[in-house]
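1. Using only what follows, build the 3D model:
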Amino acid sequence: MNANPLGRWLLGGAAALGVIFLALPLVVIVSASFTATEYLAFPPRGLTLRWYAQFLQDSSYLQSIGLSAQLAVAATATALVLGIPVALVLARSKNRVNTAIAALFLSPLALPTIVIGAALLQFATKFGFARTWFALYVGHCVLVIPYVVRTGLASLAGFQLSLEEAAQDLGAARVQTFFLVTLPIMKPGVIAGALFGLIISWVNVELSIFHSTAALMPLPVKLFNYVQYSIDPMIAAVSAGTIYVAVAVVLVIDWVFGIDRINAG
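-> Numbers count the residues shown, from 1 in each chain. Here you go, the predicted model:
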């Protein structure tokens, strides 16, 4: 029996409205970055690349982008190394100890980021590494690890240990079993966790602002400081640049792994 056509139209319309609602701010930012006026204007009045040139000629912005990229990649890689084993341990057994471990690793999701930043500043000051790259790195790891653990647990829902036992019965060592059986099953959660980690680290302001200095300033903090004193189309050009990077990352992941294959995996 065919589904109700009216229901399909309503569902499709609701989905289209949701996409428009999410995409419209991005369209506004990208469009405003090309305006020829000295102030933000949408729709743009004239077309120019002046603001992109001004942004790219400012070495401080390029340094901030490099720092944000370093933090995002380093924190996400660390979160994958630590979060995947944690997800495996938590998924294999349920007891009070594991419940406490899960609460510990997932607690940053329940705490305001600014509280984590303030606490880390006090901790780092106590041990002498406050306002350093390492302090930023530790803080971003704290933020990113819960996402990797959570998506890893989701990908292991319903996981059957008999698959690993069968691989080992056929002669595979534990390490081989992990890379040939367990990790492929976890692939959707691992990739989703990595994407979440990169995004969360890249856009973070609340924690990063506690450990930033004039020479050590991630891009979101620099943008936050800039808009307090000046609002011009260059801020739209910088924001649009981050959008281009995000789209490029998704396209590369789709090209390398295949989004459809990840969802089906």
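2. quick one: low-confidence parts of the chain?
-> 1-3, 256-265 (pLDDT under 70).
3. ok, now how distant is residue 159 from residue 141?
-> Using C-beta to C-beta, to the nearest Å, residue 159 is found at 26 Å from residue 141. (Each C-beta comes from the backbone N, C-alpha and C, glycine too.)
4. Between these two, tell me which one has more neighbours.
-> residue 141 (21 against 17; other C-beta atoms under 10 Å).
5. After the helix or strand that contains the more buried one, which helix or strand is next?
-> For residue 141, the element it lies in under DSSP states H and E is helix 133-155. Next along the chain after helix 133-155, taking DSSP H and E as the criterion, comes helix 161-169.
6. helices or strands up against the next helix-or-strand element following that next one?
-> Downstream of helix 161-169, the first helix or strand assigned by DSSP H and E is helix 174-177. Contacts defined by 3 or more C-beta pairs under 8 Å, 6 or more residues apart in numbering; DSSP states H and E place helix 174-177 against helix 161-169.
7. Buried residues of whichever strand or helix holds residue 9, list them for me.
-> If you go by DSSP H and E, residue 9 is part of helix 5-32. Using 16 or more other C-beta atoms under 10 Å as the test for burial, helix 5-32 gives 29-32.
8. Next: stretch 101-111.
-> Quick answer for stretch 101-111 (16+ other C-beta under 10 Å): 102, 105-106, 108.
9. so where do the helices sit in the protein?
-> Per DSSP state H, the chain carries helices over the ranges 5-32, 50-56, 59-92, 96-106, 113-127, 133-155, 161-169, 174-177, 183-203, 219-227, 233-256, 259-264.
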